[in-house]
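Novice: the sequence and its predicted three-dimensional model are supplied below.
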Amino acid sequence: MTTLAKAAPAVPYLDLPAQMRPIRKEIDAAIARTLDTCSFCLGPDVAQFEKDFARFCRAEHCVAFNSGTSALHVATLLLNIGRDDEVITTPMTFVATSWAISYVGAKPVYVDIDDDTFNLDPALVKKAMTPRTKAIMPVHLYGHPVDLDPLLQISRKHNLPLIEDAAQAHGAKYRNKVVGTFGIVSGFSFYPGKNLGAYGEGGALVTNDGALAARARSLREHGSRERYYHDEVGFNYRMEGIQGAVLGVKLKHLAKWTRERRRVAHRYHELLAETPLHLPAEAPYAESAYHLYVVRHPRRDELKQHLEANKVGCALHYPLPLHLQKCYASLGYKEGDFPVAEKAARQCLSLPIYPELTEEQIQRVAEVIRDFFRRG
């Protein structure tokens, strides 16, 4: 271990206890209320959270689920996507996006990403369309909105519904409007490490279509609108009451937490501007929620080792694009098909970013990175 590492305290990649401490009394009271009413599955806390999150997104309806994956799965079902259909999406994201397509027997069709934002490149979508294309599912990766206008233009022209994967983008804005309401339906994740995280698994489907919302509620509860009467094959995708209580408390703090994430990101921009790193860029149309702060460099693995040796946490998102994953070998993609995504996978490194990150910690991360490049 270097002298630099011994001289300063560790900077964790993620610090959930730091987030919990100032709101612990609120959380304890909310969970106690759920315990007192024994509302363990859905219940009033989940119902209230649905109303509050819909209001936050400026949407008509929010349907809470047990995970973001489940929400996206149901989104594909709502649009009657099925076997042998195709959905255009990105190879550079978490696999749950593609799972939602595969679960209904459809085929993920990948297009390459934009080199600056790492999001699906709208200019490549038309080339990937076939008579079997039934929807477009972009991801607001790392909390940065995808360029929606050209995708919506394609969607309207070709009658292809747009499903937003907003799992990493709570509160992110596209042209001053919160993401998650541009497509016909969107999916959010409340995995604990997300900007709005549950104390376990959780997710939500957001839409302005009342009929879709009603069917989503039925599908999440065994295909039932009335207990013991089942209109179609459904699922046990219900959110737990305790998660609704926790999310209801945390949602009240989300706007402040987003401002703090942006503060951290802007400090990184300033402190790392003179390094050889390729820093994340915010497009003119976007206000990123900075779920992740992802830098890029050809010597990514060496930099990761240096950070870890100096007690600075970091992570890889995502080291192998989806088109090269073993589970999707049957799709027939090969190395070189999506060179921008493949380069990003080789070079991307996620730095610590969370609302509680102090100025001292930010400077510590930057100093360790500058030390790496000084050493050559």
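Specialist: Structure's in. What do you need?
Novice: in the helix ranked longest in the chain, which residues are buried?
Specialist: Looking across the chain with DSSP state H, the single longest helix is helix 254-271. Neighbour counts using 16 or more other Cβ atoms under 10 Å place 254, 257-258, 260-265, 267-268, 271 of helix 254-271 among the buried residues. Using the backbone N, CA and C atoms, a C-beta is placed for each residue, glycine as well.
Novice: who are the packing partners of that helix?
Specialist: Based on contacts counted as 3 or more Cβ pairs under 8 Å, 6 or more residues apart in numbering; DSSP states H and E, the elements that helix 254-271 packs against are strand 293-296, helix 359-374.
Novice: contacts for the longest one?
Specialist: In other words, helix 359-374. With Cβ atoms under 8 Å, 6 or more residues apart in numbering as the test, helix 359-374 has contacts from 4, 8, 11, 264, 267-268, 271-272, 275-277, 302-303, 306-307, 310, 312, 351-352.
Novice: which parts of the stretch 201-350 of the chain are helices?
Specialist: Applying DSSP state H, counting those that start in this stretch to the stretch 201-350 of the chain gives helices spanning 210-220, 241-251, 254-271, 300-309, 339-347.
Novice: got JSON lines for the ones you listed, with distance to residue 203 and mean pLDDT too?
Specialist: Shown next, in JSON lines, are the helices of the stretch 201-350 of the chain (distance: least, Cβ to Cβ, whole Å; pLDDT from 0 to 100):
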{"stretch": "helix 210-220", "distance to residue 203": "10", "mean pLDDT": "97"}
{"stretch": "helix 241-251", "distance to residue 203": "10", "mean pLDDT": "98"}
{"stretch": "helix 254-271", "distance to residue 203": "16", "mean pLDDT": "98"}
{"stretch": "helix 300-309", "distance to residue 203": "30", "mean pLDDT": "97"}
{"stretch": "helix 339-347", "distance to residue 203": "25", "mean pLDDT": "98"}
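Novice: of these, which is nearest residue 178?
Specialist: Between residue 178 and those, the tightest spacing by Cβ to Cβ is seen for helix 254-271, at 10.7 Å.
Novice: tell me how far the closest one is from the chain's mean position?
Specialist: 17 Å (Cα atoms, centre = their mean, to the nearest Å).
Novice: buried sites along stretch 188-200?
Specialist: Of the residues in stretch 188-200, 188-191, 194-199 count as buried by neighbour count, 16+ other Cβ under 10 Å.
Novice: what mean pLDDT would you report for it?
Specialist: For stretch 188-200, mean pLDDT rounds to 97.
Novice: residue 34 belongs to a helix?
Specialist: Yes: under DSSP: H, G, I helix; E, B strand; the rest coil, residue 34 falls within a helix.
Novice: ok, now which ones touch it?
Specialist: Residue 34 is in contact with 40, 43, 45, 241-242, 244-245, counting by Cβ under 8 Å, 6+ apart.
Novice: from the residues you listed, which is closest to residue 58?
Specialist: residue 244 (20.3 Å).
Novice: contacting residues for that closest one?
Specialist: Taking Cβ under 8 Å, 6+ apart, we find residue 244 in contact with 34, 42-43, 45-50, 64.
Novice: residue 54 too?
Specialist: Each residue near residue 54 by Cβ under 8 Å, 6+ apart is listed here: 60-62, 206.
Novice: any idea which of the residues you listed has the most stuff around it?
Specialist: Among the contacts of residue 54, residue 206 has the most neighbours (other Cβ atoms under 10 Å), with 30 neighbours.
Novice: which residues touch it?
Specialist: By Cβ under 8 Å, 6+ apart, residue 206 lies in contact with 53-54, 57, 59, 61-63, 166, 180-181, 185-188.
Novice: inside helices: which ones of those?
Specialist: Short answer: those in helices (DSSP H) are 53-54, 57.
Novice: spatially speaking, which residue is in the middle of the chain?
Specialist: Centroid check for the chain by Cα atoms, centre = their mean gives residue 168 as the closest residue, at 2.0 Å.
Novice: measure stretch 187-207 end to end?
Specialist: Here the two ends of stretch 187-207 are set 9 Å apart, with distance taken as Cα to Cα, to the nearest Å.
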